[in-house]
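> Generate coordinates for the sequence data below:
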Amino acid sequence: MTTPFSYSHTFTLDKDHFNECYSQSVVNDQSIKAYFKAIVLSLFGILLVLFSDVNPYAAWFVFALGILEAVSIYYRQPWWVMRQLLGKSAKGDVTLIVDDKGIATNSFYIKNMVLWQNISAFKKTDLGWVISHEFGNNYISDSCLSDEAAELFAKYAKEINSKNNKVD
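You can find the predicted model right below:
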């Protein structure tokens, strides 16, 4: 980063924030391939119930496990959001800091810093940015960014994407 820049914004981890994070950063696969394990478990459980001398409780357990797997795939987003809302950081305040060093998030429970040089990709979504780095992905909503910070992200996205295209 060549020009000094500093931006700070505090937001609350609430249901709307978690829903936006999930919908913008996760590709929800509802294809038959996603349900393969559920189908196999359910069929295997039915076969055990109908044609085996295995303990009926164990056979029904395998069948129910297949059904539970199918339900968890279908309701993946509500399940993920609910888990986040049950976490200790829910309803907590998080401070986002964008400066010369990188992107930092600070809360009562976690302090995280992603350095600019460690960022491997910026992806613009409809409502924010997905930032890929060596430790995973982070999502930052446009509602948390000022116009200057959004312009800075767009500039870095262009630089990093052009650098990645030259390497390929």
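
> Give me the contacts around the helix or strand bottoming out on mean pLDDT in the chain.
Taking mean pLDDT, DSSP states H and E as the measure, the helix or strand of the chain with the lowest value is helix 147-167, at a mean of 82. Helix 147-167 is touched from outside by 5, 7, 98, 116, 119-124, 129, 140, 142, 145, with contacts defined as CB atoms under 8 Å, 6 or more residues apart in numbering. (Glycine included, C-beta is placed from N, CA and C.)

> if we go to 7 Å?
Taking CB atoms under 7 Å, 6 or more residues apart in numbering as the criterion, the residues outside helix 147-167 that touch it are 5, 7, 98, 119, 121-122, 124, 129, 142, 145.

> Counting neighbours, which of the residues you listed end up buried?
Applying 16 or more other CB atoms under 10 Å to these, the neighbour count classes 7, 98, 119, 122, 129, 142, 145 as buried.

> State the next helix or strand along the chain beyond the helix or strand encompassing the first one.
Translated: Y7. Element membership of Y7 [criterion: DSSP states H and E] is strand 6-12. Downstream of strand 6-12, the next assigned helix or strand under DSSP H and E is helix 15-25.

> Report the angle between that next one and strand 6-12.
120 degrees (axes from the mean of the first three to the mean of the last three CA atoms, to 10 degrees).
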